[in-house]
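Enquirer: any chance you can model this:
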Amino acid sequence: MINKNRYLIRFCLCLSVLSQLIVSGGTAAAAVSDEEQPGAQASREVEEQIGIYKGQFLANYVDAVGRRLAASLDNPPYRFRFKIIDRAEPNAFALPGGHIYVTRGILAQINSEDELAGLLAHEISHVTLEHHVQPASDRVPPGLLALPGQDVSAIVGDDLGEMINAPIDVAGRVSLFSYSRTQESEADRAGVGLAAKAGYDPAAFGNVLDTLGKLVLLTGGQQKLSFYKSHPTTPSRVENIDALATPIEWTPTRPFAADHARFLDRLDGLWWGPQNPSNGVFQGQKFVQADMRFTMTFPDGWRLVNAPGYVGAFQPDKKALVVLGGAGPPMDPSVPAKALIMKFKDEANVSPAESRAVEIGPWSGYLVRFEDASGAEPVSLSYLWVASPRTTFNVIGLGVDEYRDQLRDAALSLRELSIDERDSIYADRIRIAEAEEHESLSELSSRSDNLWDDEMTAVMNGLSVDTELEEGALIKVVRRDRYWR
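Expert: From the prediction side, this is the model:
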């Protein structure tokens, strides 16, 4: 998911070995203990491969609630960190060392600060109980490409392969973490106690699980691929949480969101669904990025990927790929191209089959193509640098020779986004609608252009489908809005 703040970093790292365009930014991370190191590494992978949601108002709120909970621990083992990852799937997970993540998808389903606190308290408890999670078996297998060439791997280098085959797959789906039922029960008990100690309703986490259970039914079980897979859930679990919470005496704290309206203010505008337009969106095979004003079209039928460091497409039989990332600020594109040619010649004794300047509309570019005939089928490797007013793009195309034209066409489709294309970008987001007296959910939905059906609206707001709304009641809905205004 290329975005204007973070899209350069990962791709530049993967290309540095090849092009000598080493990009460094920021200072070295603070030292971490051996105990914290696995969690620190996993957190970097989460943030680099999936991306952090950029809504700071909501992020600060989640962090504030999490810090209040952590401060209620008797002996906090770590400095806990609470972040929102930019995924639509409802999920939350904890990493060793106190890294707690919730998705924007699960936040959309929460209806009170108490529920948010219950969710975060549960994840904190997995850390304090030292529940070392086991990654699920859905990691990407090694070997992205089934290419016959002997020299391609040396040319492409290890860094690109490591990026593509990272522990979090290129589609940006978290490699899920699984807990045993015993561990879940332990975290339920500890989380209920921690929420109460911090001044939150200890039973509220049961509401989160109840909502998720109803969503599983509404979506035909699709939600089991995220939170339900990583957090085994049964109907009796909600009852057990209620039973744990009932005898606990607790004193309500002053919430950060003073009332329900202020709580919903923090969710208003939250992107709903798989595409966040601030990261660019796919319209069919065409990728459009309004903030950076560019578009690129990928081959028909190829698997599309929009990750924080790059956007790309992969031929289904693993015979080709084309990816677009950034190589730094605007520059003469012949400079990195010639540096790459020299490096290949010096270190691999390989010369390009093609090397020439190109024009991409008003943008200047430079194309370098190598050929590898060492295998049963020739393999083509192309690099294209394009200097736009905002950045220098880098496109890599790699595949067996039969896909050479498709790789070339995809690379040369990179161009400036038109105003009409910019204005064509719409996406779905949470909005807050105010009910009229005695209004039904169906009537409110019709009046507010709500895209959810009545059942979904009811579940997402913790209501029954036949609820008669009071005047002024605030209801979460989803509306399709134009991104660029």
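Enquirer: OK, contacts around Glu113?
Expert: Glu113 is in contact with 65, 200, 255-257, 263, counting by CB atoms under 8 Å, 6 or more residues apart in numbering. Just so you know, the C-beta spots here come from the backbone N, C-alpha and C atoms, and that holds for glycine as well.
Enquirer: please flag which of those sit within helices.
Expert: 65, 263 (DSSP state H).
Enquirer: wait, which of the contacts of Glu113 is closest to Glu402?
Expert: Val65 (54.3 Å; CB to CB).
Enquirer: quick check: the gap between the closest one and Leu116.
Expert: For Val65, the distance to Leu116 equals 6 Å [CB to CB, to the nearest Å].
Enquirer: who has more neighbours, these two?
Expert: The neighbour comparison of Val65 against Leu116 (other CB atoms under 10 Å) goes to Leu116, with 29 against 23.
Enquirer: name the element the more buried one belongs to?
Expert: Assigning secondary structure by DSSP states H and E places Leu116 in helix 113-128.
Enquirer: could you export that helix as PDB, CA atoms only?
Expert: C-alpha atoms of helix 113-128 as PDB (Å, rounded to 0.1, in the frame of the first residue of the first chain):
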ATOM      1  CA  GLU A 113     -14.600   2.600  25.700                       C
ATOM      2  CA  ASP A 114     -15.300  -0.300  28.100                       C
ATOM      3  CA  GLU A 115     -15.300  -2.700  25.200                       C
ATOM      4  CA  LEU A 116     -12.100  -1.300  23.800                       C
ATOM      5  CA  ALA A 117     -10.500  -1.600  27.300                       C
ATOM      6  CA  GLY A 118     -11.700  -5.200  27.600                       C
ATOM      7  CA  LEU A 119     -10.100  -6.100  24.200                       C
ATOM      8  CA  LEU A 120      -6.800  -4.500  25.100                       C
ATOM      9  CA  ALA A 121      -6.800  -5.900  28.600                       C
ATOM     10  CA  HIS A 122      -7.200  -9.400  27.100                       C
ATOM     11  CA  GLU A 123      -4.200  -8.900  24.800                       C
ATOM     12  CA  ILE A 124      -2.100  -7.400  27.600                       C
ATOM     13  CA  SER A 125      -2.800 -10.500  29.600                       C
ATOM     14  CA  HIS A 126      -1.500 -12.800  26.900                       C
ATOM     15  CA  VAL A 127       1.800 -10.900  27.300                       C
ATOM     16  CA  THR A 128       2.000 -10.800  31.100                       C
END
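Enquirer: and that helix, how far out from the chain's middle?
Expert: Distance of helix 113-128 from the chain centroid (CA atoms, centre = their mean, to the nearest Å) equals 21 Å.
Enquirer: and for Asp332, the neighbour number?
Expert: Neighbour tally, Asp332, other CB under 10 Å: 14.
Enquirer: roughly how far apart are it and Val477?
Expert: 50 Å.
Enquirer: same check on Met460?
Expert: In terms of CB to CB, Met460 sits 9 Å off from Val477.
Enquirer: what sits in contact with each of those two?
Expert: Trp452.
Enquirer: which stretches of the stretch 101-250 of the chain have low pLDDT?
Expert: 132-178, 220-234 (pLDDT under 70).
Enquirer: over to the stretch 251-400 of the chain?
Expert: Ranges of the stretch 251-400 of the chain meeting pLDDT under 70: 327.
Enquirer: how about the helices in it?
Expert: 260-267, 334-348 (DSSP state H, counting those that start in this stretch).
Enquirer: who's in contact with the shortest one?
Expert: Surrounding helix 260-267, the residues in contact under the criterion CB under 8 Å, 6+ apart are 57-58, 61, 107-108, 110-113, 255, 257, 430, 432, 474, 476.
Enquirer: can you give me the angle that helix makes with helix 113-128?
Expert: With axes from the mean of the first three to the mean of the last three CA atoms, to 10 degrees defining the directions, helix 260-267 sits at 60 degrees from helix 113-128.
Enquirer: ok, the longest one next?
Expert: Angle of helix 334-348 versus helix 113-128, following the same axes, to 10 degrees, is 20 degrees.
Enquirer: what packs against helix 334-348?
Expert: helix 7-19, helix 152-156, strand 354-360, strand 363-372, strand 379-387 (3 or more CB pairs under 8 Å, 6 or more residues apart in numbering; DSSP states H and E).
Enquirer: one more time with 6 Å, if that's ok
Expert: strand 363-372 (3 or more CB pairs under 6 Å, 6 or more residues apart in numbering; DSSP states H and E).
Enquirer: quick check: neighbours of the strand it packs on in the sheet, parallel or antiparallel?
Expert: Each strand paired with strand 363-372, and its direction, by DSSP bridges: strand 354-360 (antiparallel), strand 379-387 (antiparallel).
Enquirer: centre of the chain to the last one, how far?
Expert: Just to be clear, that refers to strand 379-387. The answer for strand 379-387 is 27 Å, by CA atoms, centre = their mean.
Enquirer: can you pull the contacts of Met456?
Expert: Not one residue lies near Met456 by CB atoms under 6 Å, 6 or more residues apart in numbering.
Enquirer: could you check how far it is from Val478?
Expert: From Met456 to Val478 the distance is 8 Å (CB to CB).
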